[in-house]
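> Here is my input, please return the structure:
(one chain, ligands or ions: 1)
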Amino acid sequence: MVEDPEEGMLSWDESVFRDERVFEIDYLPETFEHRESQLRGLQYALRPAVRGSRPLNALVQGPPGTGKTTAVQKLFGELSGHSGVRTVHANCQVDSTRYAVFSRLFEGIFEYEPPSSGVSFKKLFGQVTDRLVEADEVLVVALDDVNYLFYENEASDTLYSLLRAHETHPGARIGVVVVSSDLALGTIEELDSRVQSVFRPEEVYFPVYDTGEIVDILGERVDRGFREGIVSTTVLDRVAEFTADSGDLRVGIDLLRRAGLNAEMRASRTVEIEDVEEAYEKSKYVHLSRSLRGLADSEATLVGVLVDHDGEQAGEVYEAFAEKTGLGYTRYSEIVNKLDNLGLIETSYAGMEGRGRSRQLSLAYDPEAITNRLE
Ligand SMILES: Nc1ncnc2c1ncn2[C@@H]1O[C@H](COP(=O)(O)OP(=O)(O)OP(=O)(O)O)[C@@H](O)[C@H]1O
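Take a look at the predicted model:
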């Protein structure tokens, strides 16, 4: 390495990072501390699969960024090493209808995509279950971010098909792990009664990490991601405080990476508190970016309309929205509810009437932060 003559300065070919990939969103951590009891709970539910039996269903709940997806991925990785077990992870933010979920299952099982049109749901379902029976495999399905299936009114149908598969297609063995980060959603209570009567899941809760746990987890990332001596304990503590305030570990991981880039920008060999504080101005929006990324065009359009009509009555906002999209009031109301559930907007009843059109709609984030991320 060529040393820059000026002490403490990075030269062109130096980096504060040892391995920047550990801060990427889809990096699966090697160590997974502070989730022992949750892993045990899930293992208990899924263990029958390795013996060739239908596993228990599970309901995983907890706020965003508390390790739910990572826990499921770890266990699925272990399970898929067993012959006779097939695991498929569906992200309902992407696959938000029953048909899309079953297409994902088809792809996971056959290892190629189903034809893009002309296949009925019934046929797709039959192909999936026939194959499972033929191959003598147990299927474990994760419905991650299941709240999106609820927003589209598809949750009951999807679960009903999966949970009753062994009755409609004898010999099929399917277990479901339902994952939700929307705590306002009473997942089980919101399902149709016909589904509730067959869905008695093992419940596993993921609480937010406390500051000490965050320091442990992020400290491990720092060791892997940064070169030695770059991030001091004081700086790590500051990152952990910001992370604990948001409750979402993603904020901390994003903060570390951005703070490292800021230090490099200053050509500094150490990350300082000021790098972290500057980074926080962006990292605090990781949740916003993630929610916006999952929106359909018409939904994003409504968010855009609200930037210009922030705080107005639902009826007024609708007029501007209809002008852009031509969509009807019913669809508009559904989108408003979804954005409300996602925490992107806040709704309140302004007048005495308490009726739909008199609801007041406000953005839950700084309009400028939204505009920058909508593009
Ligand atoms: N105990 C842990 N050890 C190491 N990394 C962790 C731990 N818990 C979470 N993470 C990391 O935090 C990030 C968020 O975790 P994950 O995606 O599993 O959260 P989640 O609860 O599924 O979030 P959401 O509900 O928003 O989907 C991931 O990058 C993951 O690697």
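> List the residues that contact residue 221.
For residue 221, the contacting residues are 22, 23, 29, 253, 256, by C-beta atoms under 8 Å, 6 or more residues apart in numbering. Any C-beta I mention is one placed from the backbone N, CA and C, and that applies to glycine too.
> For the residue lying closest to residue 35 once chain neighbours are set aside, grab the count of nearby residues.
For residue 35, ignoring the flanking residues on the chain, the nearest one in space by C-beta to C-beta, 6 or more residues apart in numbering is residue 67 at 5.3 Å. Residues contacting residue 67 under the criterion other C-beta atoms under 10 Å number 21.
> what's the distance between residue 67 and the ligand?
According to C-beta to the nearest ligand atom, to the nearest Å, residue 67 and the ligand sit 3 Å apart.
> before we move on, what about residue 317?
Distance of residue 317 to the ligand, computed by C-beta to the nearest ligand atom: 28 Å.
> part of a helix, is that residue?
Yes. Counting by DSSP: H, G, I helix; E, B strand; the rest coil, residue 317 is part of a helix.
> I'd say it and residue 307 touch.
No. Assessed by C-beta atoms under 8 Å, residue 317 is found out of contact with residue 307, at 11.0 Å.
> Show me which of the two is the more surrounded one.
The neighbour comparison of residue 317 against residue 307 (other C-beta under 10 Å) goes to residue 317, with 24 against 13.
> Count the neighbours of the residue nearest to that one when sequence neighbours are not counted for me.
Excluding the flanking residues, the one nearest residue 317 by C-beta to C-beta, 6+ apart is residue 309, at 4.9 Å. Neighbourhood size, residue 309 [other C-beta under 10 Å]: 19.
> in stretch 55-63, what counts as buried?
55, 56, 57, 58, 59, 60, 61, 62 (16 or more other C-beta atoms under 10 Å).
> ok, now which ones touch the first one?
Listed by C-beta under 8 Å, 6+ apart, the contact set of residue 55 reads 45, 46, 47, 48, 49, 138, 140, 175.
> count of residues packed around the residue of the stretch 151-300 of the chain found nearest the ligand?
Proximity of the stretch 151-300 of the chain to the ligand (C-beta to the nearest ligand atom) peaks at residue 181, 3.1 Å away. Residue 181 is flanked by 21 other residues according to other C-beta under 10 Å.
> Skipping its backbone neighbours, what lies nearest it in space?
Ranked by C-beta to C-beta, 6+ apart and with sequence neighbours excluded, the top spatial neighbour of residue 181 is residue 64, at 4.7 Å.
> Wasn't that neighbour part of a strand?
No. Counting by three-state DSSP, residue 64 is not part of a strand but coil.
> For it, report the pLDDT, please.
Here, the pLDDT recorded for residue 64 equals 92.
> Repeat that for residue 354.
pLDDT, read off for residue 354, is 51.
> Make residue 1 into 223 and carry on from there
Yep, numbering from 223; the last one is residue 576 now.
> Tell me where the stretch 273-422 of the chain has strands.
In the stretch 273-422 of the chain, the strands defined using DSSP state E, counting those that start in this stretch lie at 280-283, 307-313, 360-366, 395-402.
> At the contact with the ligand, which residues of the stretch 323-472 of the chain appear?
Within reach of the ligand by C-beta under 6 Å from any ligand atom, the stretch 323-472 of the chain has these residues: 367, 403, 428, 439, 471, 472.
> Is there a neighbour count for the residue lying closest to residue 277 once chain neighbours are set aside? I'd like the number.
Among residues not flanking residue 277 along the chain, residue 397 sits closest, at 3.3 Å (C-beta to C-beta, 6+ apart). When neighbours are counted by other C-beta under 10 Å, residue 397 registers 24.
> OK, contacts around the residue nearest to the spatial centre of the chain?
The centre of the chain sits closest to residue 367, judged by C-alpha atoms, centre = their mean, with a distance of 5.5 Å. With contacts defined as C-beta under 8 Å, 6+ apart, residue 367 is in contact with 313, 314, 315, 401, 402, 403.
> same thing with residue 526?
Counting by C-beta under 8 Å, 6+ apart, residue 526 touches 593, 596.
> helix or strand for it, which one?
Assigned by DSSP states H and E, residue 526 falls within helix 519-530.
> And that helix, what's buried?
521, 522, 523, 524, 525, 526, 527, 528.
> give me the number of residues near residue 250?
Residue 250 sits with 10 neighbouring residues when counted by other C-beta under 10 Å.
> Now it: closest residue in space, sequence neighbours ignored.
Of all residues not flanking residue 250 in the chain, residue 295 sits nearest, at 6.0 Å (C-beta to C-beta, 6+ apart).
> Just give me the neighbour total for that neighbour.
17.
> wait, residue 468 sits on residue 506?
Yes. Contact criterion C-beta under 8 Å: residue 468 and residue 506 qualify, at 6.7 Å.
> separation between the residue nearest to residue 250 and residue 473?
Going from residue 295 to residue 473 by C-beta to C-beta, to the nearest Å gives 20 Å.
> thinking again about what came up before, so what's the backbone phi/psi at the residue nearest to residue 403?
Note on residue 286: its backbone torsions stand at phi -60, psi 150 [degrees, to the nearest 10].
> residues touching it, list them.
Taking C-beta under 8 Å, 6+ apart, we find residue 286 in contact with 403, 469, 470, 472, 509, 512.
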